[in-house]
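Visitor: Take this sequence and fold it.
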Amino acid sequence: MTATTQLGIVIGYLLVALAVGLVAYRVTEATVEDYYLASRTFGTVVLLFTVFATLLSAFTFFGGADLAYLYGPEWILVMGLMDGILFAILWYVIGYKQWLLGRQEGYVTLGEMLGDRFGSRGLRLLVAGVSLFWLFPYVMLQQIGAGGALRGLTDGAVPYWVGATLITVFMVAYVLLAGIRGVAWTDTLQGVFMLGTVWVALGWILLTNGIGTINAGLAADHADFFALGGGFYSPQTMLTFAISIAFGVAMFPQVNQRFFTAGSETVLKRSFALWPVLVLALFVPAFLLGTWAQGLGIAADIGAGEHALPIMLTELTPGWFAALVIAGALAAMMSSSDSMLLSGASYATRDVYRPLTSGDETMDRRETWIGRIGVVLFAAGALVASLLIETGVSAGVGAILVDIGDLAFGGFAQLTLPVIVALYWRRTTRTGMLAGIILPQVLYLGFNFLAPRLLVLPGIGPVTLFQSTYGGWGISLYCMVVGLVTTVVVSALTTPAPEEDAATYFERLSGD
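Guide: You can find the predicted model right below:
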């Protein structure tokens, strides 16, 4: 099959997604709440699949499958079982109360909710700033993944920059048109499409090659893949990844904002109960395919910057089917990036633009258009950064941006425990929240970007600071504990400011 035909299949799918956005545009109202939250009307299927598709970034199809390819299938435990269950619990612990608050007080963003409770414009700006800092390079990584996917699918006929730009243009188009309603509807389409294609791909590879052939290849070169744990998959590593990712996901703007959108309490509770099942339904086949690539001898054909899954499918399935699966992978990236762009714009307009200007609460139409401009600027900036990195321009800055993107889960995870404390402990103060957010962020950045150094401490001896792990546990977990302790201790030692309003989260809060 020619590269033109393969590219045509991918573009055809993108046009279908754009058509869904056009339909959504016809019913979208010119209000901030409708543009960003679909007027809080999502049902179970749409809410479940929009969260599902939003999380299925390039990491799932490429990063996750590559980890299974390199180290074995235990990655299913990290992402499927551990993260599926941990995030479902957090969805209830954080999401349910956040949904109640949003319905009662009209909140659109996490920063808005916290800033109102603690009477602090600074806290609102801090939460938005931290979120946008970690979000920008993560959007960029999706564009890098899209460019690489199309280049790999067409064997280089479609250059990297064309693939990355193509996906960005389509994504921006339907985000501008329909806001979260269009994004959620396309997410539902893309979620079903991804599930279908990845299971068909699994069956195709299994039926055409046989499990015996696959296992024989693994036994010859990677017998350790048949044993549980060991090597890369130490208990500390697996738990560090699982906890950091699950807690980080809960604070991802594009996911956290979904907590406000449920149409009812029943919808919200049914969605997080079904979440672990849906997660396993995707991660099991995706990561098994990555593992099987080793057993089928794909290793020699994978070059630097390429990924196991598209190379495997290109070699072992018809070109039209490989194009469909890669379209599914692009759907995963688009489902993440479009939501990131929309949520990033809402944080910039609601938590930065509004507090720093007149704070006019009545200019919904103006704010919606400012949000659309923000979507374009955010997407264009991330695209430029991804293209500069690929061409080797500003390599130092590019490497830093990629590192920030890789560390984003842990960075977002530093927000989770202070937010839980604020939601459930009446005694939490503004000072405690500020300290509990700032200190772990500073420590997390320091330990990941400063060079390790040896210090000799009196009575303790030599200690190496600024390592990424201690005792096998990732530094993100230590920083999370610091954030929790700091929030509680500082709150206990300080007095609430007059502007703080604990009644917002407690006395005035009621369920259905």
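Visitor: how about the strands of the stretch 351-500 of the chain, start to end?
Guide: Secondary structure of the stretch 351-500 of the chain (DSSP state E, counting those that start in this stretch): strands located at 453-457, 461-465, 469-470, 473-474.
Visitor: Mind giving me the packing neighbours of the longest helix seen in the chain?
Guide: Identified as the longest helix of the chain according to DSSP state H is helix 160-209. In terms of contacts (3 or more Cβ pairs under 8 Å, 6 or more residues apart in numbering; DSSP states H and E), helix 160-209 is packed against helix 3-25, helix 32-37, helix 44-55, helix 121-153, helix 265-295, helix 308-316, helix 319-347, helix 364-390. Where you see a C-beta, it was placed from the backbone N, CA and C, and this is true even at glycine.
Visitor: what angle sits between that helix and helix 364-390?
Guide: Here helix 160-209 runs at an angle of 80 degrees relative to helix 364-390 (axes from the mean of the first three to the mean of the last three Cα atoms, to 10 degrees).
Visitor: what's in contact with whatever helix or strand comes next after helix 160-209?
Guide: Sequence order places helix 211-221 as the next helix or strand after helix 160-209, per DSSP states H and E. By Cβ atoms under 8 Å, 6 or more residues apart in numbering, the surrounding residues in contact with helix 211-221 are 206, 225-226, 291-292, 294-297.
Visitor: May I see those residues organised as TSV, with distance to Lys269 and pLDDT added?
Guide: Compiled in TSV, the contacts of helix 211-221 are given as follows (distance: Cβ to Cβ, whole Å; pLDDT from 0 to 100):
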residue	distance to Lys269	pLDDT
Leu206	36	91
Phe225	38	85
Phe226	39	83
Thr291	35	89
Trp292	37	90
Gln294	41	86
Gly295	41	85
Leu296	43	85
Gly297	47	80
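Visitor: ok, the residue positioned nearest the centre of the chain to Thr165 distance?
Guide: By Cα atoms, centre = their mean, the chain has its centre lying nearest to Leu55, at 4.8 Å. Leu55 is 24 Å from Thr165, where distance means Cβ to Cβ, to the nearest Å.
Visitor: With Gly43 instead?
Guide: Distance of Gly43 to Thr165, given as Cβ to Cβ: 35 Å.
Visitor: out of these two, which sits in the busier spot?
Guide: Neighbour totals were compared for Gly43 and Thr165, and Thr165 leads with 17 against 14 (other Cβ atoms under 10 Å).
Visitor: how close does the nearest residue to that one once chain neighbours are set aside get to Met171?
Guide: The spatially closest residue to Thr165, leaving aside those adjacent along the chain, is Leu383, at 6.5 Å (Cβ to Cβ, 6 or more residues apart in numbering). Remark: distance between Leu383 and Met171 (Cβ to Cβ) = 10 Å.
Visitor: Comparing these two, which residue is more hemmed in?
Guide: Met171 (32 against 22).
Visitor: Test my guess that the more buried one contacts Leu330.
Guide: No: under the criterion of Cβ atoms under 8 Å, Met171 makes no contact with Leu330, lying 9.8 Å away.
Visitor: if we can go back for a sec, of the helices and strands packed on helix 160-209, which is nearest Ala408?
Guide: Nearest to Ala408 among those is helix 121-153; the distance by Cβ to Cβ comes to 4.4 Å.
Visitor: Helix 319-347 and that closest one, what's the angle between them?
Guide: Orientation of helix 121-153 against helix 319-347 (the same axes, to 10 degrees) gives an angle of 170 degrees.
Visitor: next one: helix 121-153 to chain centre, how far?
Guide: 9 Å (Cα atoms, centre = their mean, to the nearest Å).
Visitor: what's the answer for stretch 116-129, then?
Guide: Computed by Cα atoms, centre = their mean, the chain-centroid distance of stretch 116-129 equals 22 Å.
Visitor: What of stretch 156-164?
Guide: 24 Å.
Visitor: Output the below-cut-off pLDDT ranges for the stretch 301-450 of the chain.
Guide: Along the stretch 301-450 of the chain, segments meeting pLDDT under 70 span 301-306, 328, 331-332, 358-365, 390-406.
Visitor: Report how many residues lie close to the closest residue to Gln467 other than its chain neighbours.
Guide: Leaving aside its sequence neighbours, Gln467 sits nearest to Pro452 (Cβ to Cβ, 6+ apart; 5.3 Å). For Pro452, the neighbour count with other Cβ under 10 Å is 10.
Visitor: Now do Pro452, the pLDDT please.
Guide: With respect to pLDDT, Pro452 scores 74.
Visitor: try Gln257
Guide: Here the pLDDT value assigned to Gln257 is 93.
Visitor: Which secondary structure state does it sit in?
Guide: helix (DSSP: H, G, I helix; E, B strand; the rest coil).
Visitor: That one is in contact with Gly344, isn't it?
Guide: No: Gln257 lies out of contact with Gly344 (Cβ under 8 Å); the separation is 10.3 Å.
Visitor: I'd like to know how many residues surround Gln236.
Guide: 15.
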